[in-house]
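Asker: Please work out how this folds:
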Amino acid sequence: MRKRMLYETAAVALLCGLFLSGCKEEKADPKAEAPTPVKVEHEQDVNAVQVDHPEQFPLFTAVEHVSTSQLVVNGVVSPDISRTVPVISLAVGRVVEIKARLGDTVKKGQVLLRVQSADMSGAFSDYRKALADEQLSRTQLERSKLLYDKGAISLNDLQIAQDTEDKAKTDVENTGAKIHVLGGNLAHADTVVDIHAPISGVITDQQVTNAAGVQGLASPNPFTISDLSNVWILCDVYENDLINVHIGDTAEIRMNAYPDRVFTGRISNVGPILDPSLRTAKVRIEVKNPGLIKVGMFVSATLHGVKKETHTAIKATAILHMHDRDWVYVPDGDKRFWRTEVVAGNSLPDGMQEILSGLKPGQQVVLNALVTQNTVEQ
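Answerer: Numbering: from 1, shown residues only. Next up, the predicted model:
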C-alpha cells in the first residue's frame, strides 16, 4: 500500500512538470526576445539656412567674365647673357691701378684698370725695327728705280727691291696691329696698358685686385660688365603646368621691394630640360628695366596665356571667407538659402571678384554674405 502511494505521488509530480513546461513553450515569443531596433535621427544640413524675411537680403546676379589663362610662379632676376660682356686683357703683366669696382656703372671706353706688361715693351721694339727696315727698303727701292732708268741694273734687281719693300710694309702693319690688340697706342710708346670698358653697363663681377698678376686669356676675366637695361626673370614651372606656358605669352612681374609697381615682360624661352629632383623647367621672361630692378631679386610672375577662358564674376561682398574656403549664399526659394562653396580667382575692377568654379553666370547670390552669416549665427 505504501509503495502504491509513492508511485501515485511520483506520477502526479511528473504530470505537473510536463504541464508546466508545455505552458512555458506556448508563451515564448521570438519577436519579444529580439533586440530593440535603433531609431536613426537625421541631422539638419548645416549649409541650409532658413530665414523668415528673405527680402532683407539683397541678391546679385552673377555675370560672365572672359579672361586668359593665368599661372603664378616664383623667379629670380638675372642679367641678360646676350648683354653681358667680359673685360679681358691680352697683355700679360701686373696690375698697377684699378679705376673701377664691383657694382660701379661704367661707360663704353672708360678705363677700368692699368697693366704693366713686358709684352707691350716687346711689341714696340718689334714695331720700331719694322719701321727701320721699311725705311731702308724704301730707300733702296727708290735707288733701284733710278739705276734701272739709266740702265745700270736689270729688271730682276728692281723687282727684288720692290719685293723687299712690300715685305717691310707688311711687317710694319703686323707689328702695329699687335700693339693695337694688346691695347697700346702707336703714337705713345708705353709699357703700361689701359684696359677699357667694351660696353656701357654695371660691373657684375670682379676677379682682380691691385698688384695682381694678369696672364692674358689664361687667367680669369678681370671684370664682367652687364647691360641691365633689359633683364631676365628665370622661373621654375612644374611639368604639370608647362602645357599652359608658351613662348610669346605676356607676364606680370611683382616684387616685394616695389609692391605698388607691376612690370610687364614676355616669355622668350621654355627650358627643354627638367630638374630631376624638383620636376621643374626654367622659363625665361625678358623684362625692360627702368633702373629699379636689381639682379638677384625674388619676384612673383603671373603668366598670361593667349587662350580665352570664360568664368563667372560677382561682387566681392558676396563671398564669405571661412575655414580657408570661399562660400556664397544661393537662394533656393521657400525662404531658404544654400551656402555653396566656390573657388575665387583674381580681384576685378569695380569691386568684382572672379569665380573659377562653383557658380555659373546667371545664378543669383546674396549680395552681402557676411551679414547673412552673422544673422544665421545669432
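Asker: Low-confidence stretches in the stretch 1-150 of the chain?
Answerer: Counting by pLDDT under 70, the stretch 1-150 of the chain has low-confidence residues at 1-46.
Asker: Do a quick rundown of the strands in it.
Answerer: For the stretch 1-150 of the chain, the strands defined by DSSP state E, counting those that start in this stretch cover 48-50, 59-61, 63-79, 84-87, 92-98, 105-106, 111-117.
Asker: same thing with the stretch 151-300 of the chain?
Answerer: Under the criterion DSSP E, counting those that start in this stretch, the stretch 151-300 of the chain contains strands at 192-196, 201-206, 213-215, 223-226, 230-238, 250-255, 258-274, 280-288, 298-315.
Asker: So which of the ones you listed is nearest residue 116?
Answerer: Evaluated with CB to CB, the strands of the stretch 151-300 of the chain place strand 192-196 nearest to residue 116, the distance being 5.1 Å. In short, each C-beta sits where N, CA and C put it, glycine included.
Asker: quick one on the thing from earlier: quick one: closest of the strands of the stretch 1-150 of the chain to residue 246.
Answerer: Closest to residue 246 of these is strand 63-79 (CB to CB; 10.0 Å).
Asker: Can you list the buried residues in that closest one?
Answerer: Using 16 or more other CB atoms under 10 Å as the test for burial, strand 63-79 gives 65, 67, 69, 70, 71, 73, 75, 77, 78, 79.
Asker: List the strands paired with that strand, with their directions.
Answerer: Applying DSSP bridges, strand 63-79 is found paired with strand 230-238 (antiparallel), strand 298-315 (antiparallel).
Asker: Run the angle between it and strand 201-206 for me.
Answerer: Computed by axes from the mean of the first three to the mean of the last three CA atoms, to 10 degrees, the angle separating strand 63-79 from strand 201-206 equals 60 degrees.
Asker: For the remainder of this discussion, apply numbering that starts at 20.
Answerer: In the new numbering, first residue 20, that becomes strand 82-98.
Asker: quick one, strand 82-98 and strand 277-293 angle?
Answerer: What separates the directions of strand 82-98 and strand 277-293 is an angle of 80 degrees, with the same axes, to 10 degrees.
Asker: follow-up on the earlier one: reformat the strands of the stretch 170-319 of the chain into JSON lines and put mean neighbour count next to each item.
Answerer: Compiled in JSON lines, the strands of the stretch 170-319 of the chain are given as follows (neighbours: other CB atoms under 10 Å):
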{"stretch": "strand 211-215", "mean neighbour count": "20"}
{"stretch": "strand 220-225", "mean neighbour count": "18"}
{"stretch": "strand 232-234", "mean neighbour count": "15"}
{"stretch": "strand 242-245", "mean neighbour count": "24"}
{"stretch": "strand 249-257", "mean neighbour count": "20"}
{"stretch": "strand 269-274", "mean neighbour count": "19"}
{"stretch": "strand 277-293", "mean neighbour count": "13"}
{"stretch": "strand 299-307", "mean neighbour count": "20"}
{"stretch": "strand 317-334", "mean neighbour count": "17"}
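Asker: Rebuild those strands as CSV, extending it with distance to residue 135.
Answerer: Output for these, formatted as CSV (distance: least, CB to CB, whole Å):
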stretch, distance to residue 135
strand 211-215, 5
strand 220-225, 19
strand 232-234, 10
strand 242-245, 18
strand 249-257, 37
strand 269-274, 45
strand 277-293, 44
strand 299-307, 42
strand 317-334, 43
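Asker: any chance of those in CSV, plus mean pLDDT and distance to residue 379?
Answerer: CSV is the format used below for the strands of the stretch 170-319 of the chain (pLDDT from 0 to 100; distance: least, CB to CB, whole Å):
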stretch, mean pLDDT, distance to residue 379
strand 211-215, 92, 66
strand 220-225, 93, 52
strand 232-234, 87, 71
strand 242-245, 95, 51
strand 249-257, 95, 29
strand 269-274, 92, 28
strand 277-293, 93, 31
strand 299-307, 95, 33
strand 317-334, 85, 6
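Asker: what's the closest of those strands to residue 168?
Answerer: strand 211-215 (47.4 Å).
Asker: who touches the closest one?
Answerer: 106, 108, 110, 112, 115, 128-136, 139, 201-203, 241 (CB atoms under 8 Å, 6 or more residues apart in numbering).
Asker: Likewise for stretch 353-364?
Answerer: Stretch 353-364 has contacts (CB under 8 Å, 6+ apart) with 65-73, 76, 89, 330, 338-339, 344-351, 372-378, 385, 391.
Asker: Right, I'll call it a day here.
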